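Visitor: sequence plus predicted model, see below.
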Amino acid sequence: MDTQTTRIPADPPVATAAAVELHGVSRVYGKQAAAVHALDNVDISFPAGSWTAVMGPSGSGKSTLLHCAAGLERVTDGRVLIAGQDITDASDAELTRLRRTVVGFVFQSFNLINALTAEQNVAMPLRLAGRRPRRREVRDVLAAVGLADRVRHRPAELSGGQQQRVAIARAMVTRPAVLFADEPTGALDTRSARVVLRMLRAMVDSSAQTIVMVTHDPAAAASADRVVFLGDGRVVDTLDRPTTREVADRLARWEE
Ligand SMILES: Nc1ncnc2c1ncn2[C@@H]1O[C@H](COP(=O)(O)OP(=O)(O)OP(=O)(O)O)[C@@H](O)[C@H]1O
């Protein structure tokens, strides 16, 4: 008799380790002779709980990659999956729901509403998702980004670094599984940039959120777990656990 018993694993297997997957994704702008292949058959996956920096020369397709991966823009070819869900043919309503629940965005230009206070800006995604924001949860997120004493300030009354932190708080308040950030430190001085990068690191390490960030700055990219380099709409290189020096050297090679 077989005395071996079947062992039941303590934890169920992880269903999907990828927060975002792009399979054979192409994005073409314009037609025929005027066609621009902004993305050309890109295969890439962003593991859950990881931080990836996307780099490459101007026009290499970084923003297009971010927008397609986030469901902000439709792909011409290929498939995009977010949290295991194929969003390629999702309706506009489904994409809107996804953007309000699963993903968050931070843009270089902050995109804050000037007429609203920091607190009201941060509460906005909760309202859009149909929730009545609790003052406490909004203030807690603002406190987490070091702005507990600025909740009643409007964007014009805040520094660039503070505005960017409000934008990050706004993206964090719904606890999105994936945060897409387009040059989140591009408009900041070195000190404010460091604060923002530390906050992004905390999101990945403490809450296992996933970050995909476009940047031109090797120091910012070195805060990520991995750097993906684009050239002419294709992934041309990747670098794991990068240092600033390695990123700068690799960039110089691809931008030659
Ligand atoms: N809406 C559009 N219509 C036509 N062409 C576009 C459009 N958006 C982007 N492109 C083209 O697609 C290519 C990739 O653009 P994208 O903005 O993704 O590059 P990028 O790497 O983010 O550049 P940058 O670093 O300058 O922001 C470029 O050649 C650009 O001109």
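Guide: Here it is on my side, so go on.
Visitor: any idea how far the spatially most central residue of the chain is from the ligand?
Guide: In the chain, the residue lying closest to the centroid (Cα atoms, centre = their mean) is Phe180, at 1.7 Å. Per Cβ to the nearest ligand atom, to the nearest Å, Phe180 is found 13 Å from the ligand. C-betas here are computed from N, CA, C, even on glycine.
Visitor: so that residue sits in a strand?
Guide: Yes - inclusion of Phe180 in a strand is indicated when DSSP: H, G, I helix; E, B strand; the rest coil is applied.
Visitor: so what pairs up with it in the strands?
Guide: Taking DSSP bridges, one obtains Phe105, Val212 as the residues bridged to Phe180.
Visitor: can you pull the contacts of it?
Guide: Leu66, Ala69, Ala70, Val103, Gly104, Phe105, Val106, Ile211, Val212, Met213 (Cβ atoms under 8 Å, 6 or more residues apart in numbering).
Visitor: and if we set it to 7 Å?
Guide: Neighbouring residues of Phe180 by Cβ atoms under 7 Å, 6 or more residues apart in numbering: Leu66, Ala69, Ala70, Val103, Phe105, Val212.
Visitor: among those, who's most crowded?
Guide: The most neighbours of any of the contacts of Phe180, using other Cβ atoms under 10 Å, belong to Ala69, which has 28 neighbours.
Visitor: reformat the contacts of Phe180 as CSV; add distance to Trp51 and pLDDT.
Guide: Below are those laid out as CSV (distance: Cβ to Cβ, whole Å; pLDDT from 0 to 100):
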residue, distance to Trp51, pLDDT
Leu66, 14, 96
Ala69, 14, 96
Ala70, 16, 93
Val103, 15, 91
Phe105, 15, 89
Val212, 8, 97
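Visitor: so which of those residues comes closest to the ligand?
Guide: Leu66 (7.8 Å; Cβ to the nearest ligand atom).
Visitor: list the contacts of the helix or strand hosting that closest one.
Guide: Leu66 belongs to helix 62-69 when elements are defined using DSSP states H and E. With contacts defined as Cβ under 7 Å, 6+ apart, helix 62-69 is touched by 20, 22, 25, 27, 38-39, 42, 54, 56, 73, 75, 80, 180, 182, 212, 214, 230.
Visitor: so it, near the ligand or not?
Guide: Yes - residues of helix 62-69 contacting the ligand under Cβ under 6 Å from any ligand atom: Lys62, Ser63, Thr64.
Visitor: among the residues you listed, which one has the most neighbours?
Guide: Lys62 leads the residues of helix 62-69 next to the ligand on contacts (other Cβ under 10 Å) with 26 neighbours.
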